[in-house]
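everything below, folded, please.
(one chain, ligands or ions: 1)
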Amino acid sequence: MKGVLYLEDGTVYQGKGFGKKGTSVGELVFNTSITGYQEILTDPSYAGQIITMTYPLIGNYGVNSAENESSKIYAKGFVTKAIEQKPSNYMSEQTLEEMLKNMGVVGVCDVDTRSITKKIRNEGALKCVISNEELSLEVLQKILRKEQLKEDWMKEVGTQKVFHIPGIGPKIAVMDFGIKRNILNNLKYRNCDITVFPYNTSYEEIMNINPEGVLLSNGPGNPEAATEAVETVRKIIKKVPTFGICMGHQVLALAVGGKTYKMKYGHRGGNHGVYDIKRDRAYITSQNHGYSVDRESVEACGMEITHINLNDDTVEGMKHKELPVFSVQFHPEGAPGPTDSTYLFDQFIDQLKEEKKCQ
Ligand SMILES: NC(=O)CC[C@H](N)C(=O)O
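You can find the predicted model right below:
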């Protein structure tokens, strides 16, 4: 089966097809992780995107459903140099190709992923059509032109119904913009009593459960499209300690009156150095975002910068100067090592205890 990527600037990459037979349009991005392809694919924050892995050998330890970050793949396509068909891992249940077929994702391999990455780095994330259906370039071009990229994915990928995970610890309300399972696991591990709310839940409904803390999740799309959530978060942070992760961090920035912007090609990978200013420590972090918070805009709205990206100095974390409200752009639950930056979940829980003492 042949496979092809056709980019909006007319560039064509031809290779082999794998996964589901089909054609789809998305934003072409690259991820620099060496492992974690399964967590990457099932991270809902990739909705609408076509993921190119820069590491050439993908699929070598197979797939184990316990590692999924959600029950679906929201990405539109997957691109790798080589895909391993005979994984070696006693926990593997299926090959990556089988997973992509079962979950309906189009794959292309045997293309020069270094050249694709260079292209994205030079020109920014590009609109692209991925296909393994052997269509002509004219047809692909038409499909590419016809389809618009969506920006408000966060409104549909999260839970559609409120659900509760009982616990004996602090009562946490989660605003779900497309949450990764491991964020919930980190709260469960700390015994939290968790209620997860769909996008568009009103401030009143969230406050009805009397939460001790609110967690703003990760999620796909442009944070500026999450207008309803921004309004709700604006009210919440005045009343309840809040912790934002990735999209949650960006929504918080907008809620305090700051700005976000689209980066040229974003940060996606398990190897991004981040400096924690207060702890005077650097952490290797897991990341997946295409937007970023504008530093001056949030500093002018009562926020203090707590974390900085060591590659490009962008904002990686912030906290409110007066309220118990903080956030990070990277994924503390995505620890590339065993627990690297999970101290942030402890910081959140400690803050709730402090607040309780003061009441
Ligand atoms: N992982 C996330 O929450 C991503 C946030 C946002 N969609 C971005 O790309 O910047």
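
look up how far residue 35 lies from the most centrally placed residue in the chain.
The centroid of the chain falls nearest to residue 45 when counting by Cα atoms, centre = their mean (3.7 Å). Note on residue 45: its distance to residue 35, by Cβ to Cβ, to the nearest Å, is 18 Å. (Glycine included, C-beta is placed from N, CA and C.)

tell me the residues of the stretch 101-250 of the chain that contact the ligand?
Contact residues, the stretch 101-250 of the chain versus the ligand (Cβ under 6 Å from any ligand atom): 218-221, 246-247.

surely residue 19 and residue 97 touch.
Yes - at 6.1 Å, residue 19 and residue 97 qualify as touching, with contact defined as Cβ atoms under 8 Å.

who touches both of these two?
residue 107 (Cβ atoms under 8 Å, 6 or more residues apart in numbering).

so what's residue 19 bridging to?
Bridge pairing for residue 19 (DSSP bridges) gives the partners residue 106.

got the contact list for it?
So residue 19 contacts 78, 97, 100-101, 105-107, 132 (Cβ under 8 Å, 6+ apart).

residue 233 is in contact with residue 251, correct?
Yes - in this structure, residue 251 is within contact of residue 233 by Cβ under 8 Å, at 5.5 Å.

what touches both of these two?
Common neighbours of residue 251 and residue 233 (Cβ under 8 Å, 6+ apart) are residue 216.

tell me if residue 322 really is in a helix.
No - looking at residue 322 with DSSP: H, G, I helix; E, B strand; the rest coil, it is coil, so not inside a helix.

surely residue 214 and residue 238 touch.
No - in this structure residue 214 lies outside contact range of residue 238 using Cβ under 8 Å: 11.4 Å.

give me the more crowded residue out of the two.
residue 214 (25 against 9; other Cβ atoms under 10 Å).

next one: phi and psi at the more buried one?
phi -120, psi 130 (degrees, to the nearest 10).

who's it bridged to?
The partner list for residue 214 in beta bridges (DSSP bridges) reads residue 173, residue 242.

so it versus residue 323, what's the distance?
The spacing between residue 214 and residue 323, counted by Cβ to Cβ, is 12 Å.

tell me where the protein has helices.
Ranges of helices within the chain are 37-41, 96-102, 113-123, 137-146, 181-189, 203-208, 227-236, 247-255, 295-299, 343-358, based on DSSP state H.

packing partners of the longest one?
With contacts taken as 3 or more Cβ pairs under 8 Å, 6 or more residues apart in numbering; DSSP states H and E, helix 343-358 sits against helix 181-189, strand 213-216, strand 325-328.

export the ones you listed as TSV, with columns for mean pLDDT and distance to residue 271.
TSV is the format used below for the helices and strands packed on helix 343-358 (pLDDT from 0 to 100; distance: least, Cβ to Cβ, whole Å):
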stretch	mean pLDDT	distance to residue 271
helix 181-189	97	18
strand 213-216	98	25
strand 325-328	98	16
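
count the neighbours of residue 95 for me.
Neighbourhood size, residue 95 [other Cβ under 10 Å]: 18.

shouldn't it be in contact with residue 63?
Yes - using Cβ under 8 Å, residue 95 is in contact with residue 63, at 6.8 Å.

hey, what's in contact with both of these two?
Common contacts of residue 95 and residue 63 (Cβ under 8 Å, 6+ apart): residue 87.
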